[in-house]
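Enquirer: could you look at this predicted model? Sequence included:
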Amino acid sequence: MKKFLLPIKKLFAPKIICPLSWSCHDFEKGKKWAKSRLHPDYNNKTIWDIVYSPRKESIDIIHEINKFIEMENSL
């Protein structure tokens, strides 16, 4: 089901070119971006499913999202 909804989410997700900073606005922006991208290694999982954990701090989550942003922009 995610494979069908993600292209629609991708249209409305923000386009991120530079790395995110550690602000609430950037965290929400990164969250929307990560929920609209499939994880490159795991089928039927988004990047957000892999990166997010309630035990992690938001700074760590943003750092992980920035790694995926750099990887996508380098392609």
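Expert: Everything's here; your move.

Enquirer: from here on, contacts and neighbour counts on C-alpha atoms
Expert: OK.

Enquirer: helix, strand, or coil at residue 63?
Expert: For residue 63, the secondary-structure state derived from DSSP: H, G, I helix; E, B strand; the rest coil is helix.

Enquirer: quick check: it vs residue 39, distance?
Expert: Residue 63 is 16 Å from residue 39, where distance means C-alpha to C-alpha, to the nearest Å.

Enquirer: centroid residue for the protein?
Expert: residue 34 (1.8 Å; C-alpha atoms, centre = their mean).

Enquirer: host element of the nearest residue to residue 16 once chain neighbours are set aside?
Expert: Closest residue in space to residue 16, ignoring its immediate chain neighbours: residue 69 at 7.2 Å, by C-alpha to C-alpha, 6 or more residues apart in numbering. Using DSSP states H and E, residue 69 falls within helix 58-74.

Enquirer: now that helix - C-alpha only, PDB.
Expert: Extracted C-alpha coordinates of helix 58-74, given in PDB (Å, rounded to 0.1, in the frame of the first residue of the first chain):
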ATOM      1  CA  SER A  58      15.500  14.900  17.700                       C
ATOM      2  CA  ILE A  59      19.100  16.000  16.900                       C
ATOM      3  CA  ASP A  60      20.000  12.300  16.300                       C
ATOM      4  CA  ILE A  61      17.000  11.800  14.000                       C
ATOM      5  CA  ILE A  62      17.800  15.000  12.000                       C
ATOM      6  CA  HIS A  63      21.400  13.800  11.700                       C
ATOM      7  CA  GLU A  64      20.300  10.400  10.200                       C
ATOM      8  CA  ILE A  65      17.800  12.200   7.900                       C
ATOM      9  CA  ASN A  66      20.700  14.500   6.700                       C
ATOM     10  CA  LYS A  67      22.700  11.400   5.700                       C
ATOM     11  CA  PHE A  68      19.900  10.200   3.400                       C
ATOM     12  CA  ILE A  69      19.400  13.700   2.000                       C
ATOM     13  CA  GLU A  70      23.100  13.900   1.100                       C
ATOM     14  CA  MET A  71      22.900  10.400  -0.500                       C
ATOM     15  CA  GLU A  72      19.900  11.400  -2.600                       C
ATOM     16  CA  ASN A  73      21.400  14.800  -3.700                       C
ATOM     17  CA  SER A  74      24.700  13.100  -4.700                       C
END
